[in-house]
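> all I have is the shape, not the residue letters:
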């Protein structure tokens, strides 16, 4: 998922990422203020920082049980709700 891939996409409310996705680059969902739910598959090995910057209503559903080592320490800097193992 490229740099600013969905940045400022105000109509985006829910997204289920592809099962084969490996990396989510910074600012991919920056300023998606109407994004409420995202489903992150267990295939995601890397999430850069500030991917969900200003996604004020977001809840994340991750297929894995805990944060992988390859995810940046500030991947969820604004502490959005995360449901692990979903």
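Nice, thanks for sending it over. Since this is a predicted model, take the numbers as computed values, not measurements. Numbers count the residues shown, from 1 in each chain.

> quick check: buried residues in stretch 47-59?
47-55, 58 (16 or more other C-beta atoms under 10 Å). Using the backbone N, CA and C atoms, a C-beta is placed for each residue, glycine as well.

> same question but for stretch 61-78, I mixed them up
Within stretch 61-78, the residues scored as buried using 16+ other C-beta under 10 Å are 61-62, 71-72, 75-76.

> quick one on the thing from earlier: dump the buried residues of stretch 47-59 to CSV, plus secondary structure and distance to residue 6.
Listed next are the buried residues of stretch 47-59 as CSV, based on DSSP: H, G, I helix; E, B strand; the rest coil; distance: C-beta to C-beta, whole Å:
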residue, secondary structure, distance to residue 6
47, strand, 14
48, coil, 14
49, coil, 16
50, coil, 13
51, coil, 10
52, coil, 10
53, coil, 12
54, coil, 12
55, coil, 10
58, coil, 12
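
> relative to residue 25, which of those residues is nearest.
Proximity of the buried residues of stretch 47-59 to residue 25 (C-beta to C-beta) peaks at residue 48, which lies at 5.3 Å.

> in this structure that closest one contacts residue 70, no?
No: look at residue 48 against residue 70 with C-beta atoms under 8 Å: they stay out of range, at 9.9 Å.

> what are the ranges of the strands in this structure?
14-16, 23-24, 37-40, 46-47, 59-62, 81-84 (DSSP state E).

> so what strands line up beside the fifth one?
With DSSP bridges as the criterion, the sheet partners recorded for strand 59-62 are strand 37-40 (parallel), strand 81-84 (parallel).

> contacts made by the last one with the rest, please.
It stands for strand 81-84. Outside strand 81-84, the residues that touch it by C-beta atoms under 8 Å, 6 or more residues apart in numbering are 58-62, 64-66, 76.

> quick one: which two of the residues you listed are the most distant?
58 and 65 (19.9 Å).

> how many other residues sit next to residue 13?
For residue 13, the tally of surrounding residues (other C-beta atoms under 10 Å) stands at 12.
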